[in-house]
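Peer 1: Just need the structure, nothing else, for what follows:
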Amino acid sequence: MSPHRTGAETRSALKHPIIDADGHWIEYTSVFAEQIRKAGGAKAEAGFRASQRRLPELLSLSIEERKRRGLAQDGYWARSSTNTVDRATSMLPRMLYDRLDEFGIDFGIVYPTAGLGIPRIPDGETRRATCRGYNIVAAEYFAKLGDRLTPVMAIPTHSPDEAIAELEFVVKQLGAKVCMLASGIPRPLTAGAGADPELARFAVRYDQLGLDSDHDYDPVWEKCRELGVAPTFHTGGRGFGLRASPSNYTFNHIGHFAEGGQAVAKALFLGGVTRRFPELNFAFLEGGAGWGCQLFADLTEHWERRNKAGIAYNDPMKLDRALLKTLIDRYGYADIAAEVARRDGWPNLEEDLLTGGDTVLDDFALCGIARKDDWVALFARPFYFGCEADDRMNAVAFGRANPFGARINAMFSTDNGHFDVQDMRKPVAEAWELVEDGLLTEVDFRDFAFANAVRLWGTQNARFFEGTAVAEAAAAVLAAAPARAAAE
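Peer 2: Have a look, this model is predicted:
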């Protein structure tokens with residue numbers, strides 16, 4: 001790519017629009033907090049302000065103090081400063097709207113920045129009030145920009161009831177079209193760390209809404225289907241587990257959105273959600289498509305070994321213990337032979353038969369997979385993956401190495417507004433490099449930069465693109481036969 005090429009120049013040579021599936025804006029915190037107070041009351045304001053104090057408080061600690069307390073280094077200097085015009089653009093939706101042609105973007109989905117974490121506020125009343133206030137204010141900021149931009153609403157999911165209530169409100173009262181559902185909900189362990197808040201942070205498990213959950217989330221998925229909302233997830237995984245360096249943000253950042261997306265994607269798939277709700281699409285943002293391809297391959301390979309027929313191959317009752325003893329004697333391992341004789345038929349059958357309480361003996365029972373087409377219907381078709389523009393792994397989504405020759409639904413995303421985009425005019429041109437390098441065809445790029453995003457939202461809500469700058473082109477995609485998802 002020419003270092004001087006812009007998104008506008010790249011777009012001018014294309015015959016299809018560009019949709020940004022995951023841009024961001026930066027809410028001006030103090031003003032936004034005041035607007036939230038007016039919209040949602042004092043509790044909403046307090047919850048928002050508290051959520052914004054987490055980062056400066058964390059960065060005020062020394063590395064040694066973070067290490068002592070098990071806290072991770074977070075992203076300092078994460079906003080553009082040298083490029084003041086871009087910084088203003090990320091803060092001012094009307095300016096973003098005016099510059100879209102300069103970026104080569106026809107329509108954009110705009111996710112929060114300050115609002116990313118508010119659906120995870122621990123206190124239930126505060127969480128619900130803050131999300132409600134935030135959504136009202138975000139809708140107001142973008143109210144007159146809907147032909148080219150749409151804001152994303154923050155949906156709390158600590159319980160199905162609160163998720164359903166906010167989904168109903170944002171769609172019916174605010175006219176919202178894109179919703180970001182929280183995943184990885186911390187559930188305190190009953191055998192936790194007592195009253196010590198420093199230790200209690202670690203005494204949790206993470207509810208992924210589809211498998212082993214505290215609640216039945218099927219009513220939430222049904223509500224999404226009814227309202228025409230494709231659930232999207234923008235949950236990270238840094239700050240805990242294996243991404244908790246007290247000194248290095250890059251160590252914590254690489255792969256964390258992929259990890260967060262993978263967890264909820266596995267739960268939805270293995271929990272049978274895509275089986276029970278075949279009309280519903282799901283999107284996982286900012287982690288790329290590489291992990292989606294890897295997960296698809298890993299699941300198919302595990303299915304061969306851990307479905308009902310596969311696991312039966314390892315049934316301990318099938319072990320020929322007499323033959324085992326004979327082979328041990330033949331090869332002269334006297335010490336092993338003595339142990340076998342002492343234990344009357346080692347290996348120990350009682351221990352071998354343990355299943356951890358699993359009586360189904362089929363990790364894929366809820367998926368109901370019987371043939372290869374099921375994999376396409378339950379994974380490749382309903383799952384969509386938001387990708388950074390310069391991620392070369394985007395190409396693997398369209399490669400032939402995926403199971404059954406399936407194409408994974410990768411979607412172009414700018415991540416505009418965040419530290420990794422130093423010039424908002426570049427992401428479209430950077431994405432096109434995969435075509436220049438021979439890693440994507442122009443047809444692949446059309447799916448990546450436009451058609452997959454249309455299918456994600458347009459097949460969920462037939463009116464999603466009505467009145468937008470891409471309405472005619474989107475209608476043509478939805479009227480055509482779907483892209484080939486699997487090999488013949």
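Peer 1: Can you give me the distance of Thr459 to Arg120?
Peer 2: Counting by Cβ to Cβ, to the nearest Å, the gap from Thr459 to Arg120 is 29 Å. The C-beta positions use only the backbone N, C-alpha and C, and glycine is treated the same way.
Peer 1: Same question for Asp391.
Peer 2: From Asp391 to Arg120 the distance is 26 Å (Cβ to Cβ).
Peer 1: And Gly23, by the same measure?
Peer 2: Taking Cβ to Cβ, one finds Gly23 at 22 Å from Arg120.
Peer 1: Counting neighbours, go ahead and name the busier of the two.
Peer 2: Between Gly23 and Arg120, Gly23 has the larger neighbour count (other Cβ atoms under 10 Å), namely 25 against 18.
Peer 1: from memory the more buried one sits against Phe412, does it?
Peer 2: No - the pair Gly23 / Phe412 is not scored as a contact, 10.5 Å apart, by Cβ atoms under 8 Å.
Peer 1: Quick one: residues contacting the spatially closest residue to Ile118 that is not a sequence neighbour.
Peer 2: Spatial nearest neighbour of Ile118, excluding adjacent residues (Cβ to Cβ, 6 or more residues apart in numbering): Thr130 at 4.9 Å. Listed by Cβ atoms under 8 Å, 6 or more residues apart in numbering, the contact set of Thr130 reads 36, 40, 43-44, 47-48, 51, 118, 121.
Peer 1: what about Thr130, helix or strand, and which?
Peer 2: Here Thr130 sits within helix 124-141, counting by DSSP states H and E.
Peer 1: can you list the domains in the chain?
Peer 2: 18-305+376-479, 311-352 (automatic domain parsing).
Peer 1: Adding distance to Glu9 and mean pLDDT as columns, could you present those in TSV?
Peer 2: Listed next are the domains of the chain as TSV, based on distance: least, Cβ to Cβ, whole Å; pLDDT from 0 to 100:
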stretch	distance to Glu9	mean pLDDT
domain 18-305+376-479	7	94
domain 311-352	55	86
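Peer 1: Name the stretch among the ones you listed that sits most buried.
Peer 2: Here the criterion is mean neighbour count by mean count of other Cβ atoms under 10 Å, and of these the winner is domain 18-305+376-479, at a mean of 19.
Peer 1: what about it, distance to the chain center?
Peer 2: 6 Å (Cα atoms, centre = their mean, to the nearest Å).
Peer 1: Spatially central residue for the protein, please.
Peer 2: Closest residue to the average C-alpha location of the chain: Phe284 at 2.7 Å, with Cα atoms, centre = their mean.
Peer 1: Would you quantify the distance from it to Ile118?
Peer 2: Per Cβ to Cβ, Phe284 is found 19 Å from Ile118.
Peer 1: With Phe385 instead?
Peer 2: From Phe385 over to Ile118 the distance is 24 Å, taken as Cβ to Cβ.
Peer 1: And Arg306, by the same measure?
Peer 2: Distance, Arg306 to Ile118, by Cβ to Cβ: 38 Å.
Peer 1: likewise Phe282?
Peer 2: From Phe282 to Ile118 the distance is 21 Å (Cβ to Cβ).
Peer 1: and what of Ile155?
Peer 2: Using Cβ to Cβ, we find Ile155 at a distance of 10 Å from Ile118.
Peer 1: Now do the shared contacts for those two.
Peer 2: Both Ile155 and Ile118 are in contact with Cys131, where contact means Cβ under 8 Å, 6+ apart.
Peer 1: so what's Thr82 closest to, chain neighbours aside?
Peer 2: Nearest residue to Thr82, sequence neighbours excluded (Cβ to Cβ, 6+ apart): Gln422, at 7.6 Å.
Peer 1: typo on my end, Glu442
Peer 2: Per Cβ to Cβ, 6+ apart, closest to Glu442 is Val435, 6.1 Å.
Peer 1: That neighbour is in contact with Val443, isn't it?
Peer 2: No - in this structure, Val435 is not within contact of Val443 by Cβ under 8 Å, at 9.9 Å.
Peer 1: Contact partners for Gly115?
Peer 2: The contact partners of Gly115, taken as Cβ under 8 Å, 6+ apart, are 27, 134, 138, 154.
Peer 1: didn't the last one look like it was pressed against Ile136?
Peer 2: No - look at Ala154 against Ile136 with Cβ under 8 Å: they stay out of range, at 11.1 Å.
Peer 1: check contacts around Phe284.
Peer 2: Contacts for Phe284 (Cβ under 8 Å, 6+ apart) come out as 232-233, 260-262, 264-265, 292, 383-386.
Peer 1: Backbone dihedrals for Trp251, please?
Peer 2: In this structure residue 251 is Phe, not Trp. phi -60, psi -40 (degrees, to the nearest 10).
Peer 1: What segments of this protein are strands?
Peer 2: For the chain, strands defined by DSSP state E occupy the ranges 19-24, 107-111, 149-155, 178-181, 185-188, 204-207, 231-233, 282-284, 383-388, 409-413.
Peer 1: which neighbours does the third one have in its sheet, and in what orientation?
Peer 2: Partners of strand 149-155 in the sheet, by DSSP bridges, are strand 107-111 (parallel), strand 178-181 (parallel).
Peer 1: and the angle from it to helix 124-141?
Peer 2: Relative orientation of strand 149-155 and helix 124-141, computed by axes from the mean of the first three to the mean of the last three Cα atoms, to 10 degrees: 170 degrees.
Peer 1: got the angle for strand 149-155 vs strand 19-24?
Peer 2: Using the same axes, to 10 degrees: strand 149-155 against strand 19-24 is 60 degrees.
Peer 1: contacts for stretch 236-251?
Peer 2: Stretch 236-251 has contacts (Cβ under 8 Å, 6+ apart) with 63-64, 66-67, 70-76, 184, 202, 252-253, 255-260, 263.
Peer 1: ugh, typo on my part, it should be stretch 208-215
Peer 2: 157, 159-160, 181, 183-185, 187, 207, 217, 220, 263-264, 266-273, 366.
Peer 1: What of stretch 156-170?
Peer 2: 118-119, 121, 124, 127-128, 131-132, 135, 139, 153, 155, 176, 179, 181-183, 185, 209, 215-217, 219-220, 223-224, 227, 229.
Peer 1: Recalculate using a threshold of 6 Å.
Peer 2: Stretch 156-170 is contacted from outside by 119, 127-128, 131, 135, 153, 155, 176, 181-182, 185, 215, 217, 219-220, 223, using Cβ atoms under 6 Å, 6 or more residues apart in numbering.
Peer 1: Now do the contacts for Leu366.
Peer 2: For Leu366, counting by Cβ under 6 Å, 6+ apart, the contacting residues are 271-272.
Peer 1: ok, now how distant is it from Asp390?
Peer 2: In this view, Leu366 and Asp390 are 37 Å apart by Cβ to Cβ.
Peer 1: before we move on, what about Thr89?
Peer 2: For Thr89, the distance to Asp390 (Cβ to Cβ) stands at 19 Å.
Peer 1: what does Gln422 give?
Peer 2: From Gln422 to Asp390 the distance is 11 Å (Cβ to Cβ).
Peer 1: sorry, back to before: and the residue nearest to Thr82, its phi and psi?
Peer 2: Dihedral angles (degrees, to the nearest 10) for Gln422: phi -90, psi -10.
Peer 1: same question, the one 4 residues further on
Peer 2: The phi and psi torsions at Lys426 (degrees, to the nearest 10) take the values phi -100, psi -30.
Peer 1: How many residues are close by the closest residue to it other than its chain neighbours?
Peer 2: Nearest non-adjacent residue to Lys426, counting by Cβ to Cβ, 6+ apart: Gly7, 6.7 Å away. By other Cβ under 10 Å, 27 other residues sit near Gly7.
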